[in-house]
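Asks: any chance you could fold what I've pasted below:
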Amino acid sequence: MNNSLILHCGARTATRDELKDVLTPKPTMSWKPVPHYEVAEFVTHVAKHRGYEIVKEEYGLTGDGMKMFGVLNFANGGSTGCTRALGIRNSHDKSFALGLVVGERIAVCDNMAFGGEVVIHRKHTSRIEIEELIPQAFDRLAYQYVRLEERIGEMKIEAVSVDQARVITVMAAEIKAIPSCDILTVLKEFKEPRHEEFSDPTKWSLYNGFTETAKKYSPARADYCYRRLAGLFGMK
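Replies: This next block holds a predicted model:
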């Protein structure tokens, strides 16, 4: 099975227990980094409490351990042909806030589709506050899942010509969702999809051309790609 957190450039995969080994910087008066392991623990605990059956956990770290990306794959929920997933992101270098983002894993190809993000806090707060904020974030995620699944349904019936696909792909490169060298790769996947389910020329098929290409990206690059695509495809 493909791993949605394919790593390179010094990045590495990690289990949840291995996140314990990452040193957390000392807090300051205005910034309190939360250990990656505690974030993963809190999120998985709340997910299970909310009735989500976790079938797989994936975590990736940048080489210096300062950024952590995770995906929880659920057995329940999701649109047709998909199951719900949850993206997690946390940083120890102030590069971005702790956040959760709703997702769908497409069964046929193991690609991911991500929608709206719920930022837990702009400036990392204390452990006790995070324990309170994550359940609140899950309350907001419920709406985000419905919105994402509705949008996927719309994209599945929205026809896209090759010329339109070219325009959208160039736009994606302009907003740095993909590097310009991947424009032709995405278009080839759209015109000659490796999975029959994407043979109809729709916006959903084009989106999967992007996500198929993104499998080779590092966690940080893939995270940025998905967030930019969510805006481009109206999935937030």
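Asks: what about the helices in this protein?
Replies: In the chain, the helices defined using DSSP state H lie at 36-49, 127-156, 162-174, 183-191, 203-214, 219-232.
Asks: okay, the ones you listed in TSV with distance to Arg12 and mean pLDDT next?
Replies: For the C-beta atoms, the positions are set from N, CA and C on the backbone; glycine is no exception. Output for the helices of the chain, formatted as TSV (distance: least, C-beta to C-beta, whole Å; pLDDT from 0 to 100):
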stretch	distance to Arg12	mean pLDDT
helix 36-49	13	95
helix 127-156	25	86
helix 162-174	28	99
helix 183-191	25	98
helix 203-214	19	96
helix 219-232	10	90
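Asks: quick check, pLDDT for the residue lying farthest from the centre of the chain.
Replies: Within the chain, Met29 marks the point farthest from the mean C-alpha position, 30.7 Å out by C-alpha atoms, centre = their mean. With respect to pLDDT, Met29 scores 79.
Asks: circling back to that earlier point, could you say which one of the helices of the chain comes nearest to Lys20?
Replies: helix 36-49 (4.6 Å; C-beta to C-beta).
Asks: what residues of that closest one count as buried?
Replies: Going by neighbour count (16 or more other C-beta atoms under 10 Å), the buried part of helix 36-49 is 36-40, 42-44, 46-47.
Asks: domain assignment for the protein?
Replies: As given by automatic domain parsing, the domain ranges for the chain are 12-154, 156-232.
Asks: circling back to that earlier point, most packed of the helices of the chain?
Replies: When those are scored by mean count of other C-beta atoms under 10 Å, the highest mean neighbour count falls to helix 203-214 (a mean of 24).
Asks: and the nearest residue to Asn76 once chain neighbours are set aside, its phi and psi?
Replies: Using C-beta to C-beta, 6 or more residues apart in numbering and skipping residues adjacent in sequence, the residue nearest Asn76 is Glu53, 5.6 Å away. Here is the backbone geometry of Glu53 (degrees, to the nearest 10): phi -90, psi 110.
Asks: neighbours of Glu53, just the number please.
Replies: 12 (other C-beta atoms under 10 Å).
Asks: same check on the one 4 residues further on?
Replies: Residues near Glu57, counting by other C-beta under 10 Å, number 15.
Asks: wait, it sits on Ala85?
Replies: No. Here Glu57 does not reach Ala85: they are 10.5 Å apart, not a contact under C-beta atoms under 8 Å.
Asks: identify the contacts common to these two.
Replies: Residues within reach of Glu57 and of Ala85 at once, by C-beta atoms under 8 Å, 6 or more residues apart in numbering, are 71-73.
Asks: return the closest of the residues you listed with respect to Phe114.
Replies: Val71 (9.4 Å).
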